[in-house]
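> The following block contains a protein sequence and its predicted model.
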Amino acid sequence: MNELMLPRFMSCDARMEDAEIVVFGAGFDGTVTYRPGSRFGPQAMRSEFYGLETYSPMLDRDLTEIAVCDGGDLELPFGNTGSALDMINRTVTGIVEAGKKPFMIGGEHLVTLPAFKAVQLKYPDVCLLHLDAHTDLREDYLGEQLSHSSVVRRIWEIVGDGRIWQLGIRSGLKEEFAWAGEGHTSLRPFDLSAAAEAVKSLSGKRVYLTIDLDVLDPSIMPGTGTPEPGGVSFNELQKALCSFGRLNIVAADVVELAPRLDNSGISTAVACKVMRELLLLMGKPVLRND
């Protein structure tokens with residue numbers, strides 16, 4: 001991670017050795033199937049994060065009360081998917097081996113694969129909780145198995161049946177829904193009403209939480225590469241996130257913000273608030289003497 005890349009996220013100023021959570025950006029969008037631009041997500045969120053208060057009245061928690069280190073944004077190679085994924089994997093491996101929780105900002109959804117692999121190597125029993133508009137269960141996309149359209153299928157190949165929950169899904173091939181329906185994943189389509197069911201199932205287990213921002217309706221999140229009408233509201237998402245606070249979330253990511261597709265900046269502001277709420281859910285309050 002590049003310590004010189006500024007600005008840092010507000011209040012994410014703990015030293016690596018003191019932090020519970022380490023935030024970093026992975027601005028990669030080399031396999032997008034529709035509209036590119038998520039590579040600019042981390043940079044845009046850094047500049048807009050200062051528009052938020054550190055305090056969440058919904059959670060009654062404050063970022064100044066948790067220890068978060070901002071590790072900067074990775075400088076990922078263009079045109080080399082394998083090298084980019086390897087760099088992400090090495091970064092997350094370093095974080096989890098240091099006993100910290102990684103929080104990654106994408107980038108397209110494929111960046112979840114190398115991050116999950118690193119977490120699963122540390123915690124072999126980890127489960128995936130996946131919020132998205134799309135199934136991401138294709139065997140391949142135009143013959144390419146490493147695609148944001150197939151990222152959850154690749155993760156299933158690592159963990160097998162019974163370890164993946166998918167919420168909010170409303171788009172995908174008929175074959176993907178059928179495959180999930182065979183019991184390979186716990187897919188609950190269209191909304192987040194099954195959040196409580198997922199929390200009950202995942203209680204006591206280690207969880208990797210991945211949020212593709214297109215789970216939100218495009219009227220709320222137009223700045224994303226593959227918008228899908230019929231999504232959830234922000235209040236629905238926040239309610240689900242609050243319920244996830246009862247889970248043992250050992251790693252998380254927020255992906256698929258494409259800020260230049262929304263000149264109003266609203267999508268970036270939404271992404272920043274999702275990030276703040278999730279950081280607050282993952283972190284334990286600590287006493288700070290500074």
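Sure, I can see it.

> quick one: low-confidence ranges for this structure?
For the chain, the stretches flagged by pLDDT under 70 are 1-7, 287-290.

> cutoff 90 now
Applying pLDDT under 90 to the chain flags residues 1-11, 30-34, 47, 50-51, 78-79, 140-149, 284-290.

> Spell out the residue ranges of the strands in it.
21-26, 55-56, 61-62, 68-73, 101-106, 127-131, 164-169, 186-189, 206-212, 248-255 (DSSP state E).

> who does the third one touch, helix- and strand-wise?
So that's strand 61-62. strand 55-56 (3 or more CB pairs under 8 Å, 6 or more residues apart in numbering; DSSP states H and E). For glycine as for every other residue, the C-beta is placed from the backbone atoms N, C-alpha and C.

> just the second one next, same as before
Under the contact criterion of 3+ CB pairs under 8 Å, 6+ apart, the helices and strands touching strand 55-56 comprise strand 61-62, helix 266-282.

> got the contact list for Asp253?
For Asp253, the contacting residues are Phe103, Met104, Ile105, Gly106, Val111, Thr112, Ala115, Leu209, Thr210, Ile211, by CB atoms under 8 Å, 6 or more residues apart in numbering.

> Show me what it bridges to in the sheet.
On the basis of DSSP bridges, Asp253 takes part in beta bridges with Met104, Thr210.

> What is the burial count for Lys200?
As a burial measure, Lys200 scores 11 neighbours (other CB atoms under 10 Å).

> For Tyr50, see how far away it is.
37 Å (CB to CB, to the nearest Å).

> go on, Gln43?
Counting by CB to CB - Gln43 and Tyr50 are separated by 14 Å.

> Identify the residues contacting the closest residue to Lys122 other than its chain neighbours.
Excluding the flanking residues, the one nearest Lys122 by CB to CB, 6 or more residues apart in numbering is Val96, at 4.3 Å. Val96 makes contacts with Pro102, Ala118, Val119, Lys122, Tyr123, Val250, Ala251, as judged by CB under 8 Å, 6+ apart.

> which one of the residues you listed has the most neighbours?
Top of those by neighbour count (other CB under 10 Å): Ala251, with 28 neighbours.

> Hmm, that residue is touching Phe103, no?
Yes. Ala251 is in contact with Phe103 according to CB atoms under 8 Å; the separation is 7.4 Å.

> Please identify the buried residues of stretch 198-212?
Ala198, Val199, Leu202, Arg206, Val207, Tyr208, Leu209, Thr210, Ile211, Asp212 (16 or more other CB atoms under 10 Å).

> just to revisit the earlier point, when Gln43 and Tyr50 are compared, which one has more neighbours?
Gln43 (16 against 10).

> Which one (most neighbours) among the contacts of Asp253?
Val111 (32 neighbours).

> and the gap between the closest residue to it other than its chain neighbours and Glu20?
Leaving aside its chain neighbours, Val111 sits nearest to Ala26 (4.5 Å; criterion: CB to CB, 6+ apart). Between Ala26 and Glu20 the computed distance is 20 Å (CB to CB).

> Between these two, tell me which one has more neighbours.
Neighbour count, other CB under 10 Å: between Ala26 and Glu20, Ala26 has more, with 29 against 17.

> if I read this right, the more buried one contacts Gly41, doesn't it?
No. Using CB under 8 Å, Ala26 makes no contact with Gly41, being 9.1 Å away.

> Could you name every residue contacting both of the two?
Ile105, Gly106, Gly107.

> which residues in the stretch 101-250 of the chain form helices?
112-122, 151-159, 174-179, 195-202, 234-244 (DSSP state H, counting those that start in this stretch).

> Deepest in the core, which of those is it.
With neighbours taken as mean count of other CB atoms under 10 Å, the helices of the stretch 101-250 of the chain reach their highest mean count in helix 112-122, at a mean of 22.

> Report the beta-bridge partners for Asp70.
Applying DSSP bridges, one finds that Asp70 bridges with Val23.

> what does Tyr55 give?
Asp62.

> which residues touch it?
So Tyr55 contacts Arg61, Asp62, Leu63 (CB under 8 Å, 6+ apart).

> No further questions, thank you.
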